[in-house]
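Q: no sequence for this one, just the structure:
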């Protein structure tokens, strides 16, 4: 089945009682049982909900997986994965991570006896060198947030298999339209559904997708026991978002390419981070494992002062200054004080995330209008 058809029909079955083409919002907390232990597959809405079930099936379809699980946020999905670990276990991960993931690792799970090694994961050999007898998991983002590094998923999977550890890929920046890590051997794919999958800046949600039934049962038990599940209205909105994911991603990619090339030629910009440039260090890997390069771009001004960055951040009219990404509207963000503020400054600087770095989530507006907005803001 081709991508466009898959996204339209994923998880969608007409309602058996009415024929409704859209999955209904089952706004209920519990379900009447015919007798003790005899029910219609649903007992209590924290454990199961028909709207959520349709969405979880859709997640599996669009990521070429067997099992999907929905969570109340991307961080909640990440938290569920970490609960697979035990005291003394170790995670090898990249040094360019979403700030919320880093915060969860360092401020919570380190307190519970889990250790984390941070490496430049754009070279898979760095991951290989970091693995020890305590390593139980490799966690990667690709493309990374916010420096758009590319990590070779197949190479990481091969290293993981040699060492009998699981690979988790945060696929948020790419979306299932551009990349499917399970096809490359990853064990778990995580998404902040809030971003591209839902796509309209009106839902907070996360998901996990996997192929292994045992892994699914462990994660379902964590989901049910911890209770970080989305409500049926949010599930309905995410189902709606999936139906237009291919259309939106096509425009995100087209606009992203135009704006990345515009910014790279701008006399006041020192560097542009976008994985579609042919001289990107891992461009060949990006073309191998992705279908396009997306709408996420970061850049640094030649004037590296925080004042110069603030002027741009405060001057755009179409790019709204806000956290998050992946919505239909374009956003501009200052990672150092917003999405990555939880990372200590010395760590950010060491890993290339400067105080003046600006991140764009390029929306689906007219690209020429977006370029004009950046032109007037940068000056």
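A: Happy to help now that I have it. What you see is a predicted model, and the numbers here were worked out from it, not measured in a lab.
Q: what about the strands in the stretch 151-300 of the chain?
A: Under the criterion DSSP state E, counting those that start in this stretch, the stretch 151-300 of the chain contains strands at 166-170, 188-192, 206-210, 269-273, 296-301.
Q: ranges for the helices of the protein?
A: Applying DSSP state H to the chain gives helices spanning 3-9, 50-62, 74-82, 99-103, 124-130, 153-163, 175-178, 213-226, 232-242, 245-265, 283-289, 306-315, 345-350, 367-378.
Q: tell me the contacts of residue 315?
A: Neighbouring residues of residue 315 by CB atoms under 8 Å, 6 or more residues apart in numbering: 376, 377. Every residue, glycine included, has its C-beta placed from N, CA and C.
Q: just the pLDDT for it.
A: What the model reports as pLDDT for residue 315 is 98.
Q: residues contacting residue 322?
A: Residue 322 is in contact with 331, 332, 333, counting by CB under 8 Å, 6+ apart.
Q: 10 Å instead?
A: Under the criterion of CB atoms under 10 Å, 6 or more residues apart in numbering, the neighbours of residue 322 are 201, 329, 330, 331, 332, 333, 338, 361.
Q: please apply the same query to residue 21.
A: 12, 13, 14, 15.
Q: how about these, which pair is most distant?
A: Based on CB to CB, the longest span within those runs between 12 and 15 and measures 10.3 Å.
Q: find the residues that touch each one of those two.
A: Here residue 12 and residue 15 have 21, 22, 23, 54 as joint contacts, going by CB under 10 Å, 6+ apart.
Q: so how do I select the buried members of the residues you listed in ChimeraX?
A: Buried residues within the shared contacts of residue 12 and residue 15, by 16 or more other CB atoms under 10 Å, are selected in ChimeraX with:
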select :23,54
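Q: can you redo the shared contacts of residue 12 and residue 15 as a markdown table with pLDDT and distance to residue 275?
A: Putting these into a markdown table (pLDDT from 0 to 100; distance: CB to CB, whole Å) gives the following:
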| residue | pLDDT | distance to residue 275 |
| --- | --- | --- |
| 21 | 92 | 37 |
| 22 | 91 | 35 |
| 23 | 93 | 35 |
| 54 | 96 | 33 |
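Q: looking at the shared contacts of residue 12 and residue 15, which is nearest residue 378?
A: For these, the nearest to residue 378 is residue 22 (43.1 Å; CB to CB).
Q: end to end on stretch 4-21, go ahead and measure it.
A: Using CA to CA, to the nearest Å, the end-to-end distance of stretch 4-21 comes out at 18 Å.
Q: quick check: the closest residue to residue 206 other than its chain neighbours vs residue 237, distance?
A: Residue nearest to residue 206 in three dimensions, not counting chain neighbours: residue 77, with 3.3 Å by CB to CB, 6 or more residues apart in numbering. For residue 77, the distance to residue 237 (CB to CB, to the nearest Å) stands at 17 Å.
Q: one more: residue 218?
A: Residue 218 is 28 Å from residue 237, by CB to CB.
Q: looking at residue 12 and residue 15, which is more packed in?
A: It is residue 12, of residue 12 and residue 15, that has more neighbours when counted by other CB atoms under 10 Å, with 16 against 13.
Q: just want the most central residue of this structure.
A: When the chain is reduced to its mean C-alpha position, the nearest residue by CA atoms, centre = their mean turns out to be residue 172, at 1.8 Å.
Q: that one reaches residue 326, doesn't it?
A: Yes. Under the contact definition of CB atoms under 10 Å, residue 172 touches residue 326, with a separation of 7.5 Å.
Q: spit out the residues that contact those two alike.
A: In contact with both residue 172 and residue 326: 191, 192, 193, 194, 195, 196, 197, 296, using CB under 10 Å, 6+ apart.
Q: okay, and the beta partners of the residue nearest to the residue nearest to the centre of the chain when sequence neighbours are not counted?
A: With CB to CB, 6+ apart as the measure, residue 192 is the residue that lies nearest to residue 172, at 4.6 Å, once sequence neighbours are left out. With DSSP bridges applied, the residues forming beta bridges to residue 192 are residue 206.
Q: check residue 93 too.
A: Listed by DSSP bridges, the beta-bridge partners for residue 93 are residue 118, residue 139.
Q: what is the burial count for it?
A: Residues contacting residue 93 under the criterion other CB under 10 Å number 24.
Q: before we move on, back to that, lowest-confidence stretch among the helices of the chain?
A: helix 345-350 (a mean of 82).
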